[in-house]
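**Q** missing the sequence, but the structure's below:
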């Protein structure tokens, strides 16, 4: 990678899960950010053999005390010169609070230099209508996200946090408006909306990402980006999105008006329209990179699965065991090929457009 | 990074220490190998806030049982398709044995396909005449290294393992010959020899790396590469060397005679002279990359230290506390700048030559 393709020097504290094999959590985020040129400090909240999509794994979870101790280790040696914190999966409510305390401490230390520290928080709680964390993690996140600069919930997490069921573009806009208002969060991206299932916008085979940077009157500045959906579920794509966003958003802020990077939470002035927001520009690139890497992953997955010849012994297994083996093979084959396709992180070959919202889709008070 | 600069696809299991901040152990090795295009599974043996050169750190060590459990997690989900294992620091004798058992298991599984799996072992025990592990780690390594394909001791570790005190080129050759013979290890690289201190070869400001691939009669095929020493101690350079060697040695083997990659332990036929060995070709590139990255690190370190203005409060501290702060700053400033200079991993700007040994420096039986 030639140096001129790297994003501006960015020191990131990444707090999330580690897996030995494959690419999810901090394993994904660290690789992606390093391949983009970021200097990453990786504080791992779990140490698992593989991601849970395999339906079996071994390993240990860090306690809240262990997470706090690692941060104290950094503190005592003055190793806190982070530009961005990216926080993802934490294995308990106490761990969410411990990670939250880290983010708040870093923000306090940066108070005198607005814009010098930025916290991206991925409130990992569940997906597809289902929580996969303990119930007490939800109130823990509700306390913590008030302090974040950008949150990256998926559709379900946005519903949980906003209290608004998303069934249409209008309710989606309401949910984002509520997230800005309730938690005072400057930036929100809802990372995956099954827009096809929304009553008023039936686009088949499309994944829609919705983002917003708040205006000074509390109005959302909503942009949407539609990308072709790939016919495969890949684990770790949320972490990939978050990592790319860290690198690209800061780059976009550096490319914007020179004052923006010295503005608290990098909130653009009111005259900047939604589609011109650094967050929108950044998200376009993020999604383009993801699309290229995932397309290559899909090709490689299909080739890997085609090449498998089940051995004779396998045919003697029970149907249940055969299905289990097949599931393990498919999970492995679908691991995101991020390292071999790093060039698409830097220079995606496709381009997506951000589009404005129709006035009538905005909440009543902002039409 | 364009795809054509990547090394051949290589799946690596890397077992070593993790630090949140900075670049040593698996944090260094994983980043380097990923930046070269390798797919890395990272099994972390410790979880520390920072490297021990800071003289203070927080965190936890993995037990032998935890290391074994993570490997069982990989095993039960058929996630063992590794081409290479790189094993480094393990925090106890039991952990060394646990890591050794992993290497042996992977070798057993690859037995029917010679050359399909290769184990690089860095016997991390001490440096500069001093052990920094428990005494019982030494016999643990002596048992385990018999199974490795390539070991990467520094001068002190080579002395400990061979039982030969290295005081001259002749004793150095004897030590390597002994390592080949006692432990049946095909490849050895002694990663740092202070050749200036050897009685018969006073080269000032030079770091010498000595390597050898055994011949079928047990003779060492010794090559040496002299590189200019930089005036700074950097932590993690051993891990960087090991990681680059994983990527480059396999690449060199793939570039050699087509049979070599299907030969047990990638041992070249007897007619290949020392300086033409894939190990020698690989080490030349490894050292060139390291020289470039460390030179850039030195520049960045000096700039960082020059820019520091001690605050007023610091002058009120005790001399001891002032020295401690200065040490922490210097340790931080000397963290290897590997991510921002990834292009030198792929394309180093300098070239070093491997040279042959004089006959009279070889052990008597091989002159």
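**A** That came in fine, so what should we check first? Bear in mind the structure is a predicted one, so any value in this text is a computation, not a measurement. Residues are numbered from 1 along each chain as shown, chains lettered A, B, ... in the order given.
**Q** could you identify the helix or strand that succeeds the lowest-mean-pLDDT helix or strand in chain A?
**A** When each helix and strand of chain A is scored by mean pLDDT, DSSP states H and E, helix A:312-315 comes last, with a mean of 83. Stepping forward along the backbone from helix A:312-315, the first helix or strand reached (DSSP states H and E) is helix A:319-333.
**Q** which other helices and strands does whichever helix or strand comes after that next one contact?
**A** On the C-terminal side of helix A:319-333, the nearest following helix or strand under DSSP H and E is helix A:342-346. Secondary-structure packing of helix A:342-346 (3 or more Cβ pairs under 8 Å, 6 or more residues apart in numbering or on different chains; DSSP states H and E): helix A:25-35, helix A:278-307. For the C-beta atoms, the positions are set from N, CA and C on the backbone; glycine is no exception.
**Q** deepest of those helices, which one?
**A** Sort those by mean neighbour count, taking mean count of other Cβ atoms under 10 Å in any protein chain shown, and helix A:25-35 sits at the top with a mean of 28.
**Q** averaged pLDDT, that one. What do you get?
**A** Averaging pLDDT along helix A:25-35 yields 98.
**Q** look at residue A:236 and report its pLDDT.
**A** 96.
**Q** buried stuff in stretch A:88-104?
**A** Within stretch A:88-104, the residues scored as buried using 16 or more other Cβ atoms under 10 Å in any protein chain shown are A:88-103.
**Q** swap that for stretch A:69-86, sorry
**A** Buried, per 16+ other Cβ under 10 Å, within stretch A:69-86: A:69-71, A:73-75, A:77, A:79-80, A:82-86.
**Q** now, the most widely separated pair of those?
**A** Maximum pairwise distance in the buried residues of stretch A:69-86, criterion Cβ to Cβ, is 23.6 Å, between A:69 and A:83.
**Q** residue A:66 - how many residues pack around it?
**A** Residues within reach of residue A:66, counting by other Cβ atoms under 10 Å in any protein chain shown, total 20.
**Q** please disregard the earlier target; I meant residue A:106.
**A** Neighbours of residue A:106 using other Cβ under 10 Å come to 20.
**Q** that one and residue A:75, how far apart?
**A** In this view, residue A:106 and residue A:75 are 10 Å apart by Cβ to Cβ, to the nearest Å.
**Q** kindly report the same for residue A:162.
**A** Here residue A:162 is placed at a distance of 34 Å from residue A:75 (Cβ to Cβ).
**Q** can you check residue A:291 too?
**A** 40 Å.
**Q** equivalent analysis for residue A:263, please.
**A** Distance check for residue A:263 against residue A:75: by Cβ to Cβ, it reads 27 Å.
**Q** also residue A:276?
**A** Counting by Cβ to Cβ - residue A:276 and residue A:75 are separated by 39 Å.
**Q** which residues of chain A score low on pLDDT?
**A** Under the criterion pLDDT under 70, the flagged ranges of chain A are A:1-4, A:195-204.
**Q** now do the helices in it.
**A** Ranges of helices within chain A are A:25-35, A:64-76, A:93-110, A:137-144, A:155-162, A:169-183, A:237-255, A:278-307, A:312-315, A:319-333, A:342-346, based on DSSP state H.
**Q** packing partners for the longest one?
**A** For helix A:278-307, the packing partners by 3+ Cβ pairs under 8 Å, 6+ apart come out as strand A:187-193, strand A:206-214, strand A:220-228, helix A:237-255, helix A:319-333, helix A:342-346.
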